[in-house]
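# Whatever this is, show me its structure:
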Amino acid sequence: MIYRVKSIAVILLLQFSAIAFGQQYDHRNLRTLIVFFDGLRPDYITAETMPNLYAFSKAGCYGKQHHSVFPTVTRVNASSYASGSYPGTHGLMGNTVYFPHVDAKKGLNTGDHADLNRINESTQGRLLTATTLAEVLQTAGASMMVFSSGSTGQTILQNRVVNGAIVNPGLILPESFRDTLIRDIGPIPAKALPNTAQHKWVADALIKYALTLDGPLVSAIWFSDPDGTAHRDGIGAPSSMESIKIVDAEFGRILTALRNKMLDVHYNIVISTDHGFITNAGKQGLAEFLITKGFKKDLLSEDVVVADGAIYVKDHNMNVIRSIVSALQAEPWVGAIFTKAGNPGETKGAVDGTLSFESIHWNHPERSADILVDENWDDRKNEMGYAGTNFSMGVAGHGGLSPYEVHTSLLTGGPSFKKAFTSDLPTSNVDIVPTILAIHKINIPATMNGRVLTEFLAEGKGNDMQPKKETIKTSVGIAGGKYTLTLQRTVLGKYSYVDFAKVVRVLK
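Numbering: from 1, shown residues only. Predicted structure coming up:
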């Protein structure tokens, strides 16, 4: 199993001395609550659609230049926020991942904790190759509780050692906590779209067990909407907008509970999302394309394996890799293409017309694929007036390098943060945990790539670094024209944030 359980007494009681916390961490008995709204676009946060979140954004800190981590998918960003690091460090490369010693024919679903268990066992406990917040807290003698109405995989990635507890409709850990939880909160409701009942159930559990000074030092709650409903019905659909209002109401209940318990002066709240959202208009799948072109025998062949946009070529055959890239560059639906760097640290890929995995923080020494492919995108609006369309299949989704998927919002509030403050400095989901650890005066592990967001903090000096835009470009000739790939990053000191990638084909 991928989790290690602490003593039963600690788990069942989930209690730590408030006096001890005051001495070890902060005289004000600070606690932290992390809130993720899955698939939240910045333009959803309005006074009409999300009144509670909108009011919170005006009262606390609002990061206007926040970034999802690419690939802009749920489990990558759950791992990135939890470990304060990019895929090139933590090793969770996509929503679907390929471990040939586990299954040589196809990728594994990281949304399923059973598949994560298989990976963890096959790697001798190295599901993630970076230290997570839950592990750091465990070493410091503190706990973390994770509540989620989303997938079991996303939930366990936030607290894979089960330091404290996990509350998810499909996964309650430790198992000895299950009867107590259901007795106190009620039976586990069925999943639906919008996922109203499960959102309320996990919020009830958070309010009961986490909002207390005798509870965990850090708590996290992850709402599966608006992502789940928007995937099915589209951005701006009546059901999608309803789902947004539902999760906003649950957030409002949490704020009310904090005030009623007179705990708002003790709790810092950090709010983010795993990714934005874009309308899909594609009709071509990557694996099917490779089969049609003769690069892959069939869906379960081992010659070429596709895991989301990652392509693994048997024996890393460079002739095959170059041929696949060349074929993809000629396709209008294909966007940015990345390959391994020609030399370590270079931003250009080893294959002409590609950029390197290093340029997007995807250069894991063991787990990177041979090719990483994104769909192309443009600014077309859908029928509800929401901008952003790409060539992925389905109704609406995420995962790509359009600004509609990368650009998100960061909100903070509480005693450690400034009031009514707006920041234009770049931030990322990898910056969340280093900032939380700094506030609680806990050492930040060397594996964390993120920075401490000093500009958000009420005490101490701010951040006087100036961000710079960096454009990386590469081109290659294609049949009848030219393929040009442009990647934009924002650089702040030694930190680089990937803004978007765009492909333009010019035909003669």
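
# which ones are touching the residue nearest to Gly460 when sequence neighbours are not counted?
Closest residue to Gly460 apart from its sequence neighbours, by C-beta to C-beta, 6 or more residues apart in numbering: Thr454 at 6.1 Å. Any C-beta I mention is one placed from the backbone N, CA and C, and that applies to glycine too. Contacts for Thr454 (C-beta atoms under 8 Å, 6 or more residues apart in numbering) come out as Gly460, Lys461, Gly462, Asn463.

# Among those residues, name the ones in strands.
Nothing among the contacts of Thr454 maps onto strands, per DSSP state E.

# For the host helix or strand of Lys502, name the packing helices and strands.
Assessed by DSSP states H and E, Lys502 sits inside strand 495-507. Strand 495-507 is packed against strand 61-67, strand 334-339, helix 403-406, strand 421-428, strand 468-478, strand 481-492, with contacts defined by 3 or more C-beta pairs under 8 Å, 6 or more residues apart in numbering; DSSP states H and E.

# repeat that for 10 Å
Judged by 3 or more C-beta pairs under 10 Å, 6 or more residues apart in numbering; DSSP states H and E, strand 495-507 is in contact with strand 61-67, strand 334-339, strand 371-375, strand 377-381, helix 403-406, strand 421-428, strand 468-478, strand 481-492.

# Which one of the ones you listed lies nearest to Ile439?
strand 61-67 (12.8 Å; C-beta to C-beta).

# Measure how that closest one sits relative to strand 481-492, angle-wise.
Angle of strand 61-67 versus strand 481-492, following axes from the mean of the first three to the mean of the last three C-alpha atoms, to 10 degrees, is 150 degrees.

# Identify each buried residue in strand 61-67, please.
Neighbour-count burial for strand 61-67, counted by 16 or more other C-beta atoms under 10 Å, picks out Cys61, Tyr62, Gly63, Gln65, His66, His67.

# Strands of the stretch 251-400 of the chain, start to end?
Counting by DSSP state E, counting those that start in this stretch, one finds strands in the stretch 251-400 of the chain at the ranges 267-272, 278-280, 304-307, 310-313, 334-339, 355-356, 371-375, 377-381, 387-390, 396-397.

# Can you add mean neighbour count and mean pLDDT and give the ones you listed back as JSON lines?
Shown next, in JSON lines, are these (neighbours: other C-beta atoms under 10 Å; pLDDT from 0 to 100):
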{"stretch": "strand 267-272", "mean neighbour count": "24", "mean pLDDT": "98"}
{"stretch": "strand 278-280", "mean neighbour count": "25", "mean pLDDT": "98"}
{"stretch": "strand 304-307", "mean neighbour count": "23", "mean pLDDT": "98"}
{"stretch": "strand 310-313", "mean neighbour count": "22", "mean pLDDT": "98"}
{"stretch": "strand 334-339", "mean neighbour count": "26", "mean pLDDT": "98"}
{"stretch": "strand 355-356", "mean neighbour count": "25", "mean pLDDT": "98"}
{"stretch": "strand 371-375", "mean neighbour count": "26", "mean pLDDT": "98"}
{"stretch": "strand 377-381", "mean neighbour count": "15", "mean pLDDT": "98"}
{"stretch": "strand 387-390", "mean neighbour count": "22", "mean pLDDT": "98"}
{"stretch": "strand 396-397", "mean neighbour count": "26", "mean pLDDT": "98"}
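
# quick one, which of those strands is nearest to Asp227?
If you check each of those against Asp227 by C-beta to C-beta, strand 396-397 wins as the nearest, at 8.8 Å.

# Any chance you could spot the residue sitting in the middle of the chain?
Centroid-nearest residue in the chain, with C-alpha atoms, centre = their mean: Asn77, separated by 1.7 Å.

# my guess is that residue meets His275, correct?
Yes. If you go by C-beta atoms under 10 Å, Asn77 and His275 touch, sitting 6.3 Å apart.

# remind me which residues of the stretch 151-300 of the chain are low pLDDT?
Applying pLDDT under 70 to the stretch 151-300 of the chain flags no residue at all.

# ok, so of the contacts of Thr454, who is nearest Leu213?
Using C-beta to C-beta, Gly460 is the member of these that lies nearest Leu213, at 24.4 Å.

# In contact with the closest one, which residues?
With contact set as C-beta atoms under 10 Å, 6 or more residues apart in numbering, Gly460 has these partners: Ser416, Ala438, Val452, Thr454.

# In a markdown table, list the residues you listed along with pLDDT, secondary structure and distance to Ala501.
Converted to a markdown table, these look like this (pLDDT from 0 to 100; DSSP: H, G, I helix; E, B strand; the rest coil; distance: C-beta to C-beta, whole Å):
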| residue | pLDDT | secondary structure | distance to Ala501 |
| --- | --- | --- | --- |
| Ser416 | 97 | coil | 35 |
| Ala438 | 96 | helix | 31 |
| Val452 | 97 | coil | 28 |
| Thr454 | 97 | helix | 29 |
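
# thinking again about what came up before, let's have the strands of the stretch 251-400 of the chain in CSV, adding distance to His90.
Listed next are the strands of the stretch 251-400 of the chain as CSV, based on distance: least, C-beta to C-beta, whole Å:
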stretch, distance to His90
strand 267-272, 17
strand 278-280, 25
strand 304-307, 16
strand 310-313, 15
strand 334-339, 18
strand 355-356, 19
strand 371-375, 16
strand 377-381, 26
strand 387-390, 26
strand 396-397, 23
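
# per-residue confidence at Tyr483?
Per-residue pLDDT puts Tyr483 at 98.

# if I look at it, how far off is Pro42?
Between Tyr483 and Pro42 the computed distance is 31 Å (C-beta to C-beta, to the nearest Å).

# contacting residues around Trp48?
For the record, residue 48 is Glu, not Trp. Contact analysis of Glu48 by C-beta under 10 Å, 6+ apart lists Tyr54, Met241, Lys245.

# What about those, which one has the most neighbours?
Among these, the one with the most neighbours (other C-beta atoms under 10 Å) is Met241, at 20 neighbours.
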